[in-house]
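Asks: mind folding the following:
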Amino acid sequence: MPLRPIVCVLGLSIASLLSSCSYDDVPIGTTSLNSRYTEQQPTLSGNGRFLAFVSNRNGSHQLLLYDLEQQQFVRIPGLNRPETIAENPSLSYTGRYIVYMTSDQGRPVVALYDRVTQESQILTPIYRGWVRNPSISPNGRYVVFETTIHGQWDIEVLDRGPSIELDIPNGASVAGP
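Replies: Numbering: from 1, shown residues only. Next up, the predicted model:
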C-alpha cells in the first residue's frame, strides 16, 4: 500500500494535535492542473468553476477536485480511501455533490460524495447487475447510470427524493420537482 502524507496543524496539546491530523488528498507540491502524471475522465461542474478528474498523482489512483477560479486543488476528505478506486466522476451545479464509480466487496457501485457533510454513500448497494458511467443532475436530485440488471445495458434513473438538499446557486428559485 502506498504511503500517503499526513497533514497536521500544531496545537497546544497532544489531543488537539491528534484531532487535527488527517490524510491529505491534495496533490503533493503542486497547485498546477497539468502535470507529468496520467490524468483522465475530466468533468466540469454546471457553473464551470470546478473540475473533477482521476489522476495517479501522490503515487495512487485517486479522484481529484480542482477549483478553476482559485487555481488550486480542493480537499475532499474521505472520498479517496486506500482500499478502493474512485472513477468516472460527475459533478452537480456547484460541485457540492460528486457521483462516481467505486467498488463494494469486489462489485462496481455508484457512490455519491457530499462536500458539505464530507461523507460518501453507496447509491446502488442492492443492484444485482453491473453498473457504469454515472452522471448527476445539476441540482443533485437525480443520478443516471448504465446497468445490466435486465440482462443488457440499460439506463437507470435514480431519484434521490424531494427531501434532499438541492445544489442550487444562492438565491435561486426551484421550479417544479
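Asks: so for the helix or strand hosting Ser90, mean pLDDT?
Replies: Per DSSP states H and E, Ser90 falls inside strand 87-91. Mean per-residue pLDDT for strand 87-91: 97.
Asks: need the CA coordinates for that strand. CSV is fine.
Replies: Output of strand 87-91 as CSV, limited to C-alpha atoms (Å, rounded to 0.1, in the frame of the first residue of the first chain):
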residue,chain,number,x,y,z
GLU,A,87,-13.5,6.6,-11.2
ASN,A,88,-15.9,8.2,-13.7
PRO,A,89,-16.8,11.4,-11.6
SER,A,90,-19.8,13.6,-12.3
LEU,A,91,-20.4,17.0,-10.6
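Asks: just checking: what are the partner strands of it?
Replies: Paired strands of strand 87-91, with direction, are strand 97-104 (antiparallel) (DSSP bridges).
Asks: got the contact list for the partner strand?
Replies: Contact partners of strand 97-104, identified using CB atoms under 8 Å, 6 or more residues apart in numbering, comprise 52, 63, 65, 76, 79, 84-92, 108-115, 120, 122-123, 125, 131-136, 140, 143, 167. (Glycine included, C-beta is placed from N, CA and C.)
Asks: who does the most centrally placed residue in the chain form a beta bridge with?
Replies: The residue lying closest to the centre of the chain (CA atoms, centre = their mean) is Ile98, at 3.9 Å. Beta bridges link Ile98 to Leu91, Tyr113, judged by DSSP bridges.
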